[in-house]
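Q: generate coordinates for the sequence data below:
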Amino acid sequence: QVQLQESGPGLVKPSQTLSLTCTVSGGSITTNGYYWNWIRQPPGKELEWIGSIAYGGSTYYSPSLKSRTSISRDTSKNQYTLQLSSVTPEDTAVYYCVREGPGRIDYWGQGTQVTVSA
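A: Take a look at the predicted model:
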């Protein structure tokens, strides 16, 4: 059973960088064919894909967030990390780490609330 767990500060000040880590257990982030995503849901809005890092380390970003987003990984800890810079209150959301296998999303973290406020 694969499990994903988000961690990071729940409150970030405007203009600062949001940093979240996803710790994965029950499966390796380097397993061929899997993509490790960040998805968020602002209050009252739909889910929004932020970006992903592939099993080989390649990264992919939403065009609307690409200029502010960086996703990296630490294979020794089986973790991957989201950094979102220059945050505004519009970045307030529940942030999820999500595994995508061949043709489907199969595992979600429980989500973590991040609020951007002074």
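
Q: from what I see, residue 49 and residue 60 are in contact.
A: No: between residue 49 and residue 60 there is no contact under CB atoms under 8 Å: 9.3 Å. C-beta here means a position set from N, CA and C on the backbone, and glycine is covered the same way.

Q: which residue is nearest the middle of the protein?
A: Note on the chain: the residue nearest the mean C-alpha position is residue 38, at 2.7 Å, using CA atoms, centre = their mean.

Q: after the element among helices and strands of the chain having the smallest mean pLDDT, which helix or strand is next? Please name it.
A: Least confident helix or strand, the chain: strand 104-108 with a mean of 95, by mean pLDDT, DSSP states H and E. Later in the chain than strand 104-108, the nearest helix or strand by DSSP states H and E is strand 112-116.

Q: neighbouring strands of that next one in the sheet, and parallel or not?
A: Strand 112-116 has its sheet partners listed here by DSSP bridges as strand 11-12 (parallel), strand 93-101 (antiparallel).

Q: and the longest one, average pLDDT?
A: Going back to what we said before, that points to strand 93-101. When pLDDT is averaged over strand 93-101, the result is 97.

Q: same thing with stretch 42-55?
A: Stretch 42-55 carries an average pLDDT of 98.

Q: now that stretch: buried residues?
A: Buried residues in stretch 42-55, counting neighbours by 16 or more other CB atoms under 10 Å, are found at 49, 50, 51, 52, 53, 54.

Q: partners of the first one in the sheet?
A: On the basis of DSSP bridges, residue 49 is bridged to residue 39.

Q: need the contact list for the residue nearest to the centre of the chain.
A: 20, 22, 49, 50, 51, 52, 71, 82, 95, 96, 97, 98 (CB atoms under 8 Å, 6 or more residues apart in numbering).

Q: one step back: who does the least confident helix or strand of the chain pair up with?
A: strand 93-101 (antiparallel).

Q: ok, and for the partner strand, which residues are buried?
A: Neighbour count says strand 93-101 has 93, 94, 95, 96, 97, 98, 99, 100 buried, by 16+ other CB under 10 Å.

Q: same deal with stretch 19-34?
A: Neighbour counts over stretch 19-34 (16+ other CB under 10 Å) mark 19, 20, 21, 22, 23, 24, 27, 29, 34 as buried.
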